[in-house]
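Student: fold the following.
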Amino acid sequence: MQNLSWLTSRPIAHRGFHDKDAGVLENTPSATQAAIDNNFSIEVDLQETKDGRVIVFHDQHLDRLTEGEGQVIDYDLADLRKLSLRGSTDHLWSLEEVLEQVNGKVPLVIEIKSLNLKAGQHEFIKTIGNTLSAYIGPVAIKSFDQHMLRCMKGVAPQIPRGAISMTSFGYDKLERLTEHERKHISWMLHMAGTDPHFVSYYVKDLPADGTSFLREFYGLPIMTWTVRSKEDRINAAKYADQIVFEGFNPDKDPI
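Tutor: The predicted structure follows:
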């Protein structure tokens, strides 16, 4: 069994240690560097591009953070890199660039965003798995999509995998997921096949019987997202092993 103590050793900066008012946007080189400078673990999001490459970006749509329009999947990586970010001098960047910047200085937790395609995104996962297999630093992946977790288990079983779960789905997720898919996520019915090394759980849904059982009897670490308030931190301290945080500095703003 892998030693994953590094996964819970330091608070995890949600999409990097970002501050929009200071011009440091989420998932950018500046946000990642700020996390490194403060010795925080880093979470970033990955999306598939039209040409099957990997871009560091959270939203499926470009409108909120960039001067572009439409969906990420409609653009090649090279074209996405040309888009300006609103209120920032940073640029959109690739997985390889993130790994080069972090270079093992702090742990890296990567959320792989799913397009929920029936055919899956196997080549996309293979690309990520092969890239991460050559990386020397501590890194883990996580996803809501059980098919992505299964694929990563086959491509790169040595890379720690996390199952993201929650019970109170927002409208955006309700719209995109079938009832069957929601049950698999909230009840983690895929556990036997995906064999995750940890669980990433929504802080507002804690405590939960499933996470308590997995933590106590199987020793699976529980990270919880996204912690933004004192109430969240208190809840996380009771029921999770580490936080994915945003909007404050956990070292300077203790409970």
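
Student: what's the next secondary structure element after the helix or strand of the chain with the lowest mean pLDDT?
Tutor: Ranking every helix and strand in the chain by mean pLDDT, DSSP states H and E puts helix 171-176 at the bottom, with a mean of 57. Going down the chain from helix 171-176, the next helix or strand is helix 179-187, by DSSP states H and E.

Student: now for the next helix or strand along the chain from that following helix, which elements pack on it?
Tutor: Where DSSP H and E defines the elements, the next helix or strand beyond helix 179-187 is helix 191-194. Applying 3 or more Cβ pairs under 8 Å, 6 or more residues apart in numbering; DSSP states H and E, we find helix 191-194 packed against helix 146-155, strand 161-165. Quick note: C-beta positions are derived from backbone N, CA and C, even for glycine.

Student: could you redo the last one with a cut-off of 7 Å?
Tutor: helix 146-155 (3 or more Cβ pairs under 7 Å, 6 or more residues apart in numbering; DSSP states H and E).

Student: ok, and what's touching the helix it packs on?
Tutor: 112, 114, 120-122, 125-126, 129, 141, 143, 159, 161, 163, 184, 190, 193-196 (Cβ atoms under 7 Å, 6 or more residues apart in numbering).

Student: repeat that for stretch 242-255.
Tutor: Contacts of stretch 242-255 (Cβ under 7 Å, 6+ apart): 8, 11-14, 43, 223-228, 230, 233-234, 236.

Student: pull out the buried members of these.
Tutor: By neighbour count, with 16 or more other Cβ atoms under 10 Å, the contacts of stretch 242-255 hold 8, 11-14, 43, 223-227, 233, 236 as buried.

Student: going by distance to Thr49, which of those wins?
Tutor: Thr49 lies nearest to Glu43 out of the buried ones among the contacts of stretch 242-255, by Cβ to Cβ, at 20.2 Å.

Student: wait, Ile128 touches Val54, no?
Tutor: Yes. With contacts counted by Cβ atoms under 7 Å, Ile128 reaches Val54, the gap being 6.0 Å.

Student: list the residues that contact both of these two?
Tutor: With Cβ under 7 Å, 6+ apart, Ile128 and Val54 have common neighbours Leu46, Leu95.

Student: of these two, who's got more company?
Tutor: Ile128 (24 against 20; other Cβ atoms under 10 Å).

Student: contacts for the host helix or strand of the more buried one?
Tutor: Assigning secondary structure by DSSP H and E places Ile128 in helix 122-133. Applying Cβ under 7 Å, 6+ apart, the external contacts of helix 122-133 come out as 46, 48, 52, 54, 95-96, 112, 139, 148, 151-152, 155-156, 159.

Student: same thing but at 6 Å, please
Tutor: Residues from elsewhere that reach helix 122-133, judged by Cβ atoms under 6 Å, 6 or more residues apart in numbering: Glu48, Gly52, Leu95, Val139, Met148, Cys151, Met152, Val155, Ala156, Ile159.

Student: from those residues, which single one is nearest Ile36?
Tutor: Using Cβ to Cβ, the contacts of helix 122-133 come closest to Ile36 at Val139, 14.1 Å.
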